[in-house]
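Prediction below, plus the sequence it came from.
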Amino acid sequence: MLSSEVHLRDRFLARFCEAARSRLDRSLKLLAAGPVAHAAALRLELYTLAGESAFLGYFDLSALARRGEEAARRIPEDAAAVVGCTRAVRALSRALGALEGRHAEDTPPPPPAAAPEPPTRGRILVVDDSKLNAELLAALLTEEGFAVETASSETGLERALSSFRPDLVLSDVHMPDLDCAHVCRRAREVRRARVLLISGLAEEVLARECQRLSADGYIPRARGLTAVLERVIELAGSPAPGS
């Protein structure tokens with residue numbers, strides 16, 4: 001992990017712990033309220049937590065969340081999967097508690113973020129339903145000289161495409177309120193902008209999604225922030241399709 005990644009990981013650690021704790025609390029409530037009826041919502045919580053954990057390099061938490069998500073996927077057909085999902089969520093809670101404890105005891109508060117320099121590169125639109133992931137990407141790209149806006153809904157997407165006019169759209173793949181295929185289509189119709197997919201999906205699955213959606217590239221979150229930045233710089237510096 002490079003120094004820039006360490007800096008952002010430390011800066012966002014407290015917010016990650018808070019967001020992760022909220023997701024686990026909601027997961028436990030969904031399990032208690034009726035796992036069969038709420039299996040889809042449970043999967044979404046654990047899928048998002050897995051991606052957020054991997055993005056910040058907490059791969060043990062990400063693996064546990066993936067295990068819970070897989071169990072949640074089987075719940076409608078296999079009642080025994082409820083036990084596996086519950087165990088994964090409880091293991092996640094214990095692992096997160098250990099991380100929270102280490103942070104409270106050993107980590108001094110990170111220094112205030114320096115005021116970003118005026119943008120010197122292109123305009124990037126980050127489309128992600130995870131507020132934590134969107135803000136993390138925005139912080140990373142802003143510090144590297146890009147102008148950045150975020151969107152998490154179709155209304156926000158349309159507003160940003162028409163007023164912010166991005167050169168590159170960095171989009172999550174699975175969002176409950178926004179279809180990634182629509183993001184790709186509108187990015188080209190309105191701006192002829194490039195689209196880079198970013199997701200916690202396995203790389204081979206993400207590669208197929210990239211081909212299906214005719215996106216310009218993809219990057220798994222598990223590769224880390226430096227890999228994301230390198231791919232963004234590569235795509236942002238090349239001409240858009242049809243230009």
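Yep, it's here.

And the helices in the chain, which stretches?
3-33, 39-55, 59-74, 81-106, 131-143, 154-159, 180-186, 203-213, 225-236 (DSSP state H).

closest to residue 125 out of the ones you listed?
Of all those, it is helix 154-159 that lies closest to residue 125, at 7.9 Å by Cβ to Cβ. Bear in mind the C-beta positions are built from the backbone N, C-alpha and C, glycine included.

State the mean pLDDT of that closest one.
Mean per-residue pLDDT for helix 154-159: 95.

Contacts only, for the residue nearest the centre of the chain.
In the chain, the residue lying closest to the centroid (Cα atoms, centre = their mean) is residue 133, at 4.3 Å. Neighbouring residues of residue 133 by Cβ atoms under 8 Å, 6 or more residues apart in numbering: 51, 52, 55, 172, 221.

Assess the claim that the first one and residue 200 are in contact.
Yes. Taking Cβ atoms under 8 Å as the contact criterion, residue 51 and residue 200 are neighbours in contact, 3.0 Å apart.

How is the protein divided into domains?
3-106, 123-236 (automatic domain parsing).

How many neighbouring residues does the residue lying closest to residue 157 once chain neighbours are set aside have?
In space, and not counting its chain neighbours, residue 157 is closest to residue 151: 4.7 Å by Cβ to Cβ, 6 or more residues apart in numbering. By the measure other Cβ atoms under 10 Å, the count of residues near residue 151 is 24.

so residue 151 bridges to which residues?
residue 127 (DSSP bridges).

distance of it from residue 160?
Using Cβ to Cβ, to the nearest Å, residue 151 is found at 5 Å from residue 160.

list the residues that contact both of those two?
Shared contacts of residue 151 and residue 160, defined by Cβ under 8 Å, 6+ apart, comprise residue 125.
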